[in-house]
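Novice: structure for the following, please:
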Amino acid sequence: MSAKGEIGWKRRDEEGNRVKICAEPNGTKWLFYQQYKRYDQWEEVDEPPLEDWLNLLDAVRRRISRKKIPIQEEKKLLGMIRSRFPEADI
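Specialist: Numbers count the residues shown, from 1 in each chain. As a prediction, the model looks like this:
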């Protein structure tokens, strides 16, 4: 994984294992991938949890402040999160 515009972070899964998460823009949507160990293959995540979406939103906001991502991307991302997780308080 080394695409332009990709955003990555680490978190723990339900079992407590460390997972690397990567999100990259693809047209009008974001694709999420995960990797458990360094040389494992990246696996696409079909339904990322709210935690991953919020981490992505935080990273996008930080990149907007550094003028690396257009401001409109935050609004699009908020819309995607609200449509997938209407109960979330953002």
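Novice: in the longest strand seen in the chain, which residues are buried?
Specialist: Looking across the chain with DSSP state E, the single longest strand is strand 18-26. Using 16 or more other CB atoms under 10 Å as the test for burial, strand 18-26 gives V19, K20, I21, C22, A23, E24, P25. Bear in mind the C-beta positions are built from the backbone N, C-alpha and C, glycine included.
Novice: now tabulate the residues you listed in a markdown table and tack on pLDDT and distance to G5.
Specialist: Shown next, in a markdown table, are those (pLDDT from 0 to 100; distance: CB to CB, whole Å):
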| residue | pLDDT | distance to G5 |
| --- | --- | --- |
| V19 | 97 | 21 |
| K20 | 97 | 17 |
| I21 | 97 | 15 |
| C22 | 96 | 11 |
| A23 | 96 | 9 |
| E24 | 94 | 6 |
| P25 | 91 | 5 |
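Novice: could you pull out the strands for the protein?
Specialist: Under the criterion DSSP E, the chain contains strands at 7-12, 18-26, 29-35, 43-45.
Novice: report the contact partners of P25.
Specialist: For P25, the contacting residues are G5, L31, E73, by CB atoms under 8 Å, 6 or more residues apart in numbering.
Novice: residues touching the nearest residue to the last one once chain neighbours are set aside, list them.
Specialist: Spatially, and ignoring its direct neighbours in sequence, E73 is nearest to V60 (5.8 Å; CB to CB, 6 or more residues apart in numbering). By CB under 8 Å, 6+ apart, the contact list for V60 reads I7, I69, E73, E74, L77.
Novice: what about 7 Å?
Specialist: I69, E73, E74, L77 (CB atoms under 7 Å, 6 or more residues apart in numbering).
Novice: in this structure G5 contacts N26, no?
Specialist: No: judged on CB atoms under 7 Å, G5 makes no contact with N26 at a distance of 9.4 Å.
Novice: shared neighbours, the two?
Specialist: When CB under 7 Å, 6+ apart defines a contact, no residue borders G5 and N26 alike.
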